[in-house]
Every structure is written in structure tokens, then in C-alpha cells.
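Chemist: return a 3D structure for these sequence lines:
(chains A and B)
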2 protein chains.
Amino acid sequence: MAFTFQINKDVVWNHDKGLLQKAEENKPALNKKKVVPKQIVELINDPSKLGDVGIIPKTTDLSELDTTQFKRDESVILDFGNHFVGHFNIDIDSVGSPMDAPLTLKVKFAEMASELSSSSEDYNGWLSRSWIQEELLHIDELPVRLEFPRRYAARFVELTVVDTSPKWSVVFSNPVVIAESAVDFDSVILRDTGDKMLNRINSVATKTLMDCMQDVFEDGPKRDRRLWLGDLRLQALANYATFDNTQLVKRGLYLFGGMTAKDGRIPANVFVKPNIVPDDTFLFDYSVFFAATLADYVEHTDDLETLKNLYDVAKKQIDFTFQYVDEDGRLTLPEDYPAFIDWSNDFDKATAAQATLIFGLKKFIILTKLMDDNNSELYVAELDKLINFTKEVLFDRENNQFIVERTGEVNIASQVWMVLAGVMDSSTNQLIMEQMIHTQFPVTGIATPYMYHHIAEALFVADMADEAKKLIKQYWGTMIELGADTFWEAFEPENPNYSPYGSPIVSSYCHAWSCTPVYLTKKYL
Amino acid sequence: MAFTFQINKDVVWNHDKGLLQKAEENKPALNKKKVVPKQIVELINDPSKLGDVGIIPKTTDLSELDTTQFKRDESVILDFGNHFVGHFNIDIDSVGSPMDAPLTLKVKFAEMASELSSSSEDYNGWLSRSWIQEELLHIDELPVRLEFPRRYAARFVELTVVDTSPKWSVVFSNPVVIAESAVDFDSVILRDTGDKMLNRINSVATKTLMDCMQDVFEDGPKRDRRLWLGDLRLQALANYATFDNTQLVKRGLYLFGGMTAKDGRIPANVFVKPNIVPDDTFLFDYSVFFAATLADYVEHTDDLETLKNLYDVAKKQIDFTFQYVDEDGRLTLPEDYPAFIDWSNDFDKATAAQATLIFGLKKFIILTKLMDDNNSELYVAELDKLINFTKEVLFDRENNQFIVERTGEVNIASQVWMVLAGVMDSSTNQLIMEQMIHTQFPVTGIATPYMYHHIAEALFVADMADEAKKLIKQYWGTMIELGADTFWEAFEPENPNYSPYGSPIVSSYCHAWSCTPVYLTKKYL
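Modeler: As a prediction, this is how the structure comes out:
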């Protein structure tokens, strides 16, 4: 996720058996649905689509597959018509003389057509090659019902016969995907926003969320397939607006709460397979957001038992931050505990980080009151100190913009997070957003739906719904126009083919932090 | 095997359940032996070895493997010290941060070191790429005991980490091969020939035979892994001289006898996995050799029950050939029923084919007598006709060489097979062989141990043991000097790096038709 890998090998972890037991109890049973291909397609050059790769149908009569014989280097692309997460199965048989050599088969799974035009051999990016959804199989005996043990995220399945022998060919039939999710798309009735594109965006957002809702809220089902706190916060909000599966949110909260470092911090993400393991990565804002996510959950569910069980964990995240806040109310983070804010490291995150602490602390203070915590006032005092410093030192009243203290840098993240943190009053927020639009729009240099979400939400918070809608339609709408069935991990509108990894084959085209329009439009429109 | 693939899709087969049941009853239980690597090696340039690729040890202390961490693009070559056929297993674990991506592993299995220096991507030969012993695996969860379901033939196992992630490394431990064969090498005590190199050749030949003795006598355990009649005949002879597992010969004979085409012919080879299936390939000499192989078997075992059961099949092979023999005793074969003789198609095989029929018919006549067949005399008459024609038309008395009638061509195969067929008397045979050595040695243009075997045996038959020994030591000895642990499918001494497929990665370096020195030296020395 973040471009800088953290390696903290020596972290000692507490495993709270009671909390982890609660996580286990809330493990979902997955819904399984059989999906068959809609058509057989071939790739075409299409500058209107991602990576200039479009598709045209070869046939929608899938019975033609059973009668097509494949030999060395011949291939077929099955199009399942929409994104899926699940297991692929197919019948394979030989035709002709007896099978005098194994069959070697290459199978590629692609969320977007452009992945199919990229070669795995050419990929040399910093992100693990192991995420490339490609299998090379030797099959010694035919016929076989080939059942793939691994789970894939894809819309397209390309079968390439690496070789048979000159004496026989291969025939494929009955391709099937057993799609999996903790939720059912048909259980959601999406509200009509009165705007066709927004309706489409909401539908794709809901599908994105669904495909990320598995054993946990995954960040992306193709990659990295795990529970990140920053993603969980947004997924939970979108989930409340759609599937409303509160059990999976609860499970996520307990997983983070159940594994904390000796210093009390939660990990930025946890692994659940084969065993539950915390990642040795810590992000300041993600820790703070544990309180926010818990507060959102309690507000939505009134589940005070979970609050009681996890309150101490939330408190520890907040308490831990105070060592980085000086007497004046200035947050200064150490290098090994950075705020994520966004993938980009091309802007200074200090002021945005200050805002995330204010944002999280406010949410936590709500919890202190629900818990009748005697120390509630201490947190309010800390909040006042942070806000006072922010207003006095970080806000440029002349320009109605927040600056970074050290350099005077004005950036989008600072404005957006200060508006979300509610540091200023409503009319000032609007002035801030207007000035931001005036000086910084169209947005450039931001490639994550995660940051775009916060920009859009800040616009809504500042009572600028039209601007928010416009941004959502531009950003998420463009993904749809480029061919998205689910929203992406990364998208930079000014550079649509940009991949943070240099190749689409390791990009995640179904990534949960992009699913929020369905939450935003429900809450603010 | 033969360079020309036969495709005879419309053949209708008789399956004789009784005979196939006998084949099934004689299915061997495989011996399994645990083998561990002897050392870890790296490849070096070594012009004295096959393909100029030699090895040097990196360490013989295998415990160093457990403590070596591997990351992207790093690899290790395990050297098991000798050829094996079997299943490979290894423990794999991750070291470092939690496993935040799958492990992608490439595993190459190589009989000869030169295979490891060839890239499968570059192979574009006519033989199926599917024979390349290379796997690409994605492993989602570590640690794992990786048990390879497929069987490999190899001495070297190269593990290459395609990728982990920047956060963790891979450690390998406990590499093990469970080697399989129908026989046990230690059950054979090889006679001392008094010649060091011949002793080594016999040992390697015995290992070659052992590794091809599996569920059936395979031609090669790497490739094509099936029962060919031509190979079976030689394997059976070498087997009588070593392991003396008559059950496996019997099984092979029943497999051929149990599946014949409507016209009575046996296939040139049969498949046994997943089901018993005859190949749609017919070779004249291989059909004729069914009688020879049966006669050898009966001579060695006195198993008259098997003779009784399979006599009709042998008879049909012989009877079928007579339609191609004219009144003068001249054999003329149609294009779709060729004699194999050798891979090379650069010489005329007509005279050699005539000799194989005489050879097989003589063996069959022995069987007619054991069976008290009333028609025995008819076969003797046919034999006389063939021999008379051969002596009168095909033998050039001036040069003591057999010629091809149509062109007058004199080639090695004609002389060798006529000597083996015993057409002339002993002293003439010697003159023939002497003249052949004088005009055609050193042998060129012959790349198969199969043909070299027949040259060597013809020299023995012509009482030229010294010349035979010399040829064996030159041909098979050179393979050993080039690094052979088992003898090869193809070797052309004048062009040692020659592969019939253009790349060593699909060559078979343990191929049964090369195992005969251990038979020849036992029988003739």
C-alpha cells in the first residue's frame, strides 16, 4: 500500500485470546454463486479504454467452445461479463490420437483487459511478481475437470495452450466460476440519485465493496487480500449504506484489538491466512482511526458490549499519540511512525496528520462519554490544545488555507483533513474549499481513490454538494468509461494509464478504498 | 521416437480382456527409496562435458541450505549425485516479516547439467514443450511441506525464487526424493569384465535399465514414458542379464498382445496411464519383433503358458508381413507401414527391413516348433524364399556387402541386420563386418544407441569381440566421459552436443534402448 515498506522484525505482540475469540465468532460463512462466461472475446486497440486495450466479442454462443480444438500457442479469452472473486473450474479433454505428451496450459486471470496484453516476464517492478494471476500447469492425464485451488479476482480468464503434441488437440468445456463473498449483491436496493452516472457509480461501488467482503474486509481481492485499518474505516461506512453486514465490521475491530504491540499500538493491517498474524507496519493515522471506526460502529449499531471490550485499545492508540504533541499543541511525528494520508510522498503531510489526530480524538471523546470515563475532560483539553495551535499557527487567515508550519506549503490534504476534522466553522470551511478549488483544481498528483474520497467528503461537509458530485462523477465516472467493473486501487485522471507498479498485471482493479461514493451520496445527497 | 509422427485416427482396436487381465495381474509393486542431495552445485563452463556445462560443488554440507535465505531471482541447484526417477518433496518456510505476498517458485528438474543452462522459453522444436520438466508454482501459505504430485527423472533440482516480497525471504530444508523402480539396483551383482571402463559402462547401463523399469518397461522415464516394442525387446535382454524380473516382460508382452488392430497388427507402443490405450502408430520391424521378444522370453523362462496365450498374436504379425513379400522373396513395404531401423532417414532401409523379417521369422519358427504348429513348414519355406532372394540379389559377393536393390546403396544397417539375421555363414559374416569397418568406420550419421547396439551385437556375432568392445567403449564410454549417469536416447559421437530436438531440455538422458552393453558383455564376453 504505502510505497515505503516498513520492516520491524523485533516487535513483540500481545495476543488477547478473548478478543481474538470474538473475531473468530464473527467469521462469516461465504455465499457462493455459480457464474458462467457471457462471451468469448478478443483484444483490440481501443484508445478509449484503460491501457488502450478494449475487447470485441468473438462469440456469445458458448457452445462453440466445446467444438473448438486448440493446439500449441492457441488461446481463448473467456469473458464472465463482470468482476468476480472465486474459484475457476473447467473440463479439458484431448481430441485426436492418444495423448502422447502432457498438456501444458497457461491460465491468466485478469480484472481488466489491459492485463492480458502485458507479459509477466517483462514485469520487473518493486512489488512482488507473485501477485501476477497466472498459472502454468502440466496435465499428465486427460480428460480432467480442472479445479483451481487458488482464489482469483478477475473478469477474464485466458487459456493458452503452451503445447499438446502434433498428434492431438485440446477441447475446453463447461467453464464455471464459483464466486464468493460474505454478502449478496441482490440484497441491496440502491437508491435512485436522480443522476444516471451517479447511479452507475453507486452500483459499481457496491460491487467493489461486495467483492472485497470476504473472510474479512480485504483491501483488494486480487492483492493484498488483507484487512487494513484505513480501508476498513471506509468499507464499514459504505457497508452501513448498503449491505449493512455489521458482523464483518465487528470481526475486523476485534482482529485489530486482539493483536497489539507491547507499546499498545495496533498494526496497520492484519493477515488471516493461514493464521491470524499482525503485520509489522504501523501508521499513525490508521492507529488513530481505530477510535473513529469503533465510534462509527457504535453509532450505527449501539453495540455497547463491543465498545466496552475495545475501548481500552482505542484509548491506547490516542494516548500513544500524545507523546508527539508538544506543549503548544503541535504534532511532530517520528520517521518510523508516519501518517499515511495518501500514497504520494510529494507533499508535506504534517498538517494533514495534525488534522487526522483532531478528527480521531473527537470521535474518541464521544466514546469516553458513552463509557463514562472519568478522564474524558483530559482528552477534551488535549483536543483544545491541538485545535488552538492549528487555528493560530497553521491557518493562514488571509488566504483561508492551512499551511505546513515548517515550509508554508499549502496542499490539498491539509485543507481536506482540517475540514473533515471540523476545526473551523461551516462558513470558513466553505471559504477554505473554495480557495482550494480555485488554486488547486483540477487535482493533480493524487492517484488514490482514498484521497479523492476525502476531498469529496470535505466538499460535502463544507456544504458544496455540487462540487462534490462533480468530482465524484469526474473521478469515478472516468474509471467506468475506461472499462471499470469495480473501482481501482489507483487512478490518476491526468494520467489514466498510470500504474504505481509500472504494469497493470500487479495493479488491483477492485480495491475497497474506492467504494465510498455509495456512502457519500447516501449520507450527503 | 521416429521423427515422422503417424496419425491413424480411424484404427479400430480389439481389446482382448483375457490377455489384458494377465497384463494387469503382472503389474509390479514399485520399490521406493529415499534419496537426499549429495551437494549443492553451480554450473561452470566445461568443454569436456555435454553442452560445455559442468558443475562444481558449492557445498556438500546440506545443513547450509537450512540457513540460506533466498529472495527474488535467487536460486539453488541440488545435486542428488545420481539419476533418479521419482517424487520430490521439500520444506519451505518464510523468514522475516509476515508473508505479505505469495511465494512464486520455479522448479527445474534436469537429468544433465546442460538442461539447466537452457531456457524453456527459447525452446521451439517440433517435439512437445510439455515434456520440459519445469514447474511454476504459487504458494499462498508458508510454511509448507511441498510434495510434488508429478514424477520426474533427474539428477539435479533447481529451485529459483521468482519472487517473495521485499519484506521476507524463503528458506528451504529437507529436500528428499522418493525414487521409484520396479527393481532394486542392489539386487544385481555385476560381473567383473576385467576392463575398468566396461565395468563402469555396465553399471551405468544397469542403472539406466532400472530407472526405465516402472509400471512397464518405459522407453525413457523423462519422456515418452511408455512401452515401445522395439525398446522392450532390448530391455528384456538386458533385464535377463541383470535384474531378471520376468514378470515385467510378461506384462509388456500381454499388453501388446491384448490390443491389436482389426488387421491383427500390434501397435508400436502402448500407453498405460490413466488407461491402457494403444498408440495409432505401426512399425513393421517392431511388429515382427513381437515374435522375437516372445521367443527370447520363452527361451529364458520356459513359460509355455504365456507362449500359448500369445502365439496367435505373434503369428498374425508374421502372417501380415507376407503380403509385402513377392514371389521372389523380395520385401517391399508401403509408406504407412515403415520399418524403423533407426531414427535417421538418410539411408535406404529396404535391405535392413528384409533382414529384420528374416531375423523375426527365424525366432518365430522356433515358436512354431514349441507349439507343434502343423504349418511350421510353410514358415520355413517362406524363410528360405526370403533368404534365397537376399543371397542372390542383395549380396554383392565381390565386396562382401549387402546392397539396396533399387540403388545399389551400401549402408551399415543392411550389413548389421543381415549378420544378426544369420543369412550368411560365420566366415562370410566376418568378411562383411571387416569390409564395413574398412569402408564405413568411424560411424557417422547415426545418433541412436539403438542402432549402435545392433552394430556392436553384429560384431560379436561375427566373432569380432575386440572390435565390438572397442565400439562399446568408444560410444558408451564417451557418454560417461561427457557426464552421463544413465545412457541417452540420442548420442552422435562426431557431434556430441547434438539433440534431435534442438535443445537438451526435451532430450531424454535415461533411455532404455541404450542399456544393452550389460547384455552384450554378459552374453558374448
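Chemist: residues in the stretch 51-200 of chain A within reach of chain B, list them.
Modeler: A:72, A:96-104, A:121, A:126-132, A:135-136, A:138, A:140-141, A:150, A:162-167 (Cβ under 8 Å from any Cβ of the partner chain). The C-beta positions use only the backbone N, C-alpha and C, and glycine is treated the same way.
Chemist: quick one: low-confidence parts of chain A?
Modeler: By pLDDT under 70, the low-scoring segments of chain A are A:1-3.
Chemist: most distant residue from the centre of it?
Modeler: No residue in chain A sits farther from the centre than residue A:97, which is 49.4 Å out by Cα atoms, centre = their mean.
Chemist: show me where the stretch 151-300 of chain A has helices.
Modeler: Listed in chain order, the helices of the stretch 151-300 of chain A (DSSP state H, counting those that start in this stretch) span A:196-212, A:229-240, A:246-258, A:284-301.
Chemist: extract the C-alpha set from the last one and format it as CSV.
Modeler: Taking Å, rounded to 0.1, in the frame of the first residue of the first chain, the C-alpha atoms of helix A:284-301 are listed here in CSV:
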residue,chain,number,x,y,z
PHE,A,284,-0.1,7.0,12.8
ASP,A,285,-3.4,7.9,11.2
TYR,A,286,-4.5,4.3,10.9
SER,A,287,-4.0,3.8,14.6
VAL,A,288,-6.0,6.9,15.4
PHE,A,289,-8.8,5.8,13.1
PHE,A,290,-9.3,2.7,15.2
ALA,A,291,-11.2,5.0,17.6
ALA,A,292,-13.1,6.6,14.7
THR,A,293,-14.1,3.2,13.2
LEU,A,294,-15.2,2.0,16.6
ALA,A,295,-17.2,5.2,17.1
ASP,A,296,-18.9,4.9,13.7
TYR,A,297,-19.7,1.2,14.5
VAL,A,298,-21.2,2.0,17.9
GLU,A,299,-23.1,4.9,16.5
HIS,A,300,-24.6,2.6,13.8
THR,A,301,-25.2,-0.4,16.0
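Chemist: hmm, that helix touching chain B?
Modeler: No. Using Cβ under 8 Å from any Cβ, helix A:284-301 never reaches chain B; the gap is at least 15.7 Å.
Chemist: also the third one?
Modeler: No. Shown here: helix A:246-258 not in contact with chain B (Cβ under 8 Å from any Cβ), separated by at least 13.7 Å.
Chemist: packing partners of that helix?
Modeler: If you count contacts as 3 or more Cβ pairs under 8 Å, 6 or more residues apart in numbering or on different chains; DSSP states H and E, helix A:246-258 packs onto helix A:17-25, strand A:227-228, helix A:229-240, helix A:284-301, helix A:304-321.
Chemist: tell me the most buried of the ones you listed?
Modeler: Mean neighbour count (mean count of other Cβ atoms under 10 Å in any protein chain shown) peaks for strand A:227-228 among the helices and strands packed on helix A:246-258, with a mean of 28.
Chemist: ok, and what's touching it?
Modeler: The contact list for strand A:227-228 (Cβ atoms under 8 Å, 6 or more residues apart in numbering or on different chains) reads A:1, A:216-219, A:252, A:255-256, A:268-270, A:272, A:286.
Chemist: report the distance from it to the chain centre.
Modeler: The chain centroid and the centroid of strand A:227-228 are separated by 9 Å, computed with Cα atoms, centre = their mean, to the nearest Å.
Chemist: sheet partners, orientation included, of that strand?
Modeler: With DSSP bridges as the test, strand A:227-228 is paired with strand A:269-271 (antiparallel).
Chemist: contacts for the partner strand, please.
Modeler: A:1, A:216, A:219, A:224, A:226-229, A:255-256, A:259, A:276-279, A:281, B:98-100.
Chemist: go on, stretch A:243-254?
Modeler: Taking Cβ under 8 Å, 6+ apart as the rule, stretch A:243-254 contacts A:19-20, A:22-23, A:26-28, A:182-184, A:187-188, A:206, A:209-210, A:213, A:216-217, A:227, A:232, A:236, A:239-240, A:290, A:293-294, A:297, A:300-301, A:303, A:306, A:309-310.
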